[in-house]
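**Q** turn this into a model:
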Amino acid sequence: MKNEKKAIVAAGLVIGVISALLVFFGNPVNMGFCIACFLRDTAGALGFHSAPVVQYIRPEIIGLVLGACIMAMVSGEFKARGGSAPITRFILAVFVMIGCLMFLGCPFRMILRLAGGDGNAIFGFVGFDLGIFAGVFFLKRGYTLKRSYKMPALEGQLFPVLQIVFLILLVAAPAFIHFSTEGPGSLHASVWIALAAGLIVGGLAQKTRLCMVGGIRDAVLFREWKLLMGFAAIFASALVMNLILGAVTGTPFFNPGFAGQPVAHTDGLWNALGMLLAGFGCVLLGGCPLRQLVLSGEGNTDSAVTVIGLMVGAAVAHNFGLASSGEGPTSNGKIAVIIGIVVVTVIAFMNSRKKTD
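**A** Residues are numbered from 1 along each chain as shown. Down below sits the predicted model:
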């Protein structure tokens, strides 16, 4: 157990440094890694939505899945499984993404925003915790999406193979793939640096089972803190790296405050409610967006369906004006978050009733 905790902390330290360096190499500020943002950008590049400032196939996502896949295969942990309430998982994922895009970031970016000095992420963190507490409430009352089943190996291999297709499309850049020329989608590290970063983070996350949602859930249910220690390490190393980069380059990478933060807004209530929805939905899904990508690399088709749901959620958010911007949340987005909280609560309740077969 002691060695496991050391490994988780060490992985967190490495991931935090990588996240900060990705900003140095070209990614948007406070967005060295953001699963929600990067899936949104990839969805836009594939034409799922037409928001011109957030369209780019992110190599970090490709690397995450492939890194987890390689690590799982090397360790004998790659197993094709699925069939656990795929439609329910898809719907939950859509609303999780809507919550993330209200806040403008996933749990991973929430930590990186804090490490960059963005005080608005504090409200997101409070809401995220409340959402997880809500999920734990239903877990204690028997919530389950039932078991998954062993599937043919090809089923588990398809999603990692799809990432290789995305990489080919990114490098070949055919006319039907969209690339932002301004905004967050136009800011990115080189393909190979981003891919390498994703491979490393994916491998480390697979080996250590890193999951922000799982960390808080386990702390509440079992008083087990090891996964949270990993994210504390990410925060600490990203913060220190931001300070070092700022001192070396003369460009501030740590800007404490609330106003003027990059790709963020100052509406505390909706930052909190967006992450409440995300945290609640992620508990019901069994893991945060990072964890879902890692599991999809391990051959879990339920997680692959979840990732597809996240991408569809990003498309819905941008096509229907639900996503926030630096100016703040939209009216449509506020309505969607409230609807999402209601829908997720109903799903939690309906799957918590004990039934006899």
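
**Q** tally of neighbours for residue 168?
**A** If you count neighbours by other C-beta atoms under 10 Å, residue 168 ends up with 11. C-beta: built from backbone N, CA, C; applies to glycine.

**Q** same thing with residue 46?
**A** Residue 46 has 17 nearby residues by other C-beta under 10 Å.

**Q** now do residue 180
**A** Residues contacting residue 180 under the criterion other C-beta under 10 Å number 19.

**Q** please settle this for me: is it part of a strand?
**A** No - assignment of residue 180 by DSSP: H, G, I helix; E, B strand; the rest coil gives coil, placing it outside any strand.

**Q** ok, it touching residue 50?
**A** No - Residue 180 is not in contact with residue 50 according to C-beta atoms under 8 Å; the separation is 11.4 Å.

**Q** common neighbours of these two, please.
**A** Jointly contacting residue 180 and residue 50 under the rule C-beta atoms under 8 Å, 6 or more residues apart in numbering are residue 44.

**Q** residue ranges for the strands of this protein, please.
**A** 81-82, 149-150 (DSSP state E).

**Q** most packed of the ones you listed?
**A** strand 81-82 (a mean of 19; mean count of other C-beta atoms under 10 Å).

**Q** returning to that earlier point: so which of the strands of the chain gets nearest residue 226?
**A** Evaluated with C-beta to C-beta, the strands of the chain place strand 81-82 nearest to residue 226, the distance being 24.4 Å.

**Q** other SSEs contacting that closest one?
**A** Here strand 81-82 touches strand 149-150, helix 153-172, helix 301-319, going by 3 or more C-beta pairs under 8 Å, 6 or more residues apart in numbering; DSSP states H and E.

**Q** let's see it at 7 Å
**A** Where contact means 3 or more C-beta pairs under 7 Å, 6 or more residues apart in numbering; DSSP states H and E, strand 81-82 is packed against strand 149-150, helix 301-319.

**Q** how about JSON lines for the ones you listed, with mean pLDDT and distance to residue 66 added?
**A** Output for the helices and strands packed on strand 81-82, formatted as JSON lines (pLDDT from 0 to 100; distance: least, C-beta to C-beta, whole Å):
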{"stretch": "strand 149-150", "mean pLDDT": "97", "distance to residue 66": "23"}
{"stretch": "helix 301-319", "mean pLDDT": "98", "distance to residue 66": "14"}
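
**Q** show me the contacts for residue 62.
**A** 163, 166-167, 195, 198 (C-beta atoms under 7 Å, 6 or more residues apart in numbering).

**Q** without its sequence neighbours, what residue ends up closest to it?
**A** residue 163 (4.4 Å; C-beta to C-beta, 6 or more residues apart in numbering).

**Q** low-scoring stretches of the stretch 1-150 of the chain, by residue?
**A** 1-2 (pLDDT under 70).

**Q** how about the helices in it?
**A** With DSSP state H, counting those that start in this stretch, the ranges of helices along the stretch 1-150 of the chain come out as 2-24, 35-45, 59-74, 86-103, 107-115, 120-139.

**Q** make sure residue 132 is actually in contact with residue 214.
**A** No - Residue 132 is beyond contact range of residue 214, at 9.6 Å (criterion: C-beta atoms under 7 Å).

**Q** so these two - more neighbours on which side?
**A** residue 132 (28 against 20).

**Q** residue contacts, the more buried one?
**A** By C-beta under 7 Å, 6+ apart, residue 132 lies in contact with 213, 216-217, 279, 283.

**Q** rerun that using 10 Å as the cut-off
**A** 107, 139, 212-217, 219-220, 275-276, 278-280, 282-283, 288 (C-beta atoms under 10 Å, 6 or more residues apart in numbering).

**Q** and what of residue 266?
**A** Residues in contact with residue 266 (C-beta under 10 Å, 6+ apart) are 118-120, 123, 257-260, 326-328.

**Q** between these, which is nearest residue 270?
**A** Once C-beta to C-beta is applied, the member of the contacts of residue 266 that ends up nearest residue 270 is residue 328, at 7.6 Å.

**Q** identify the residue spatially nearest to that closest one, adjacent ones excluded.
**A** residue 265 (4.5 Å).
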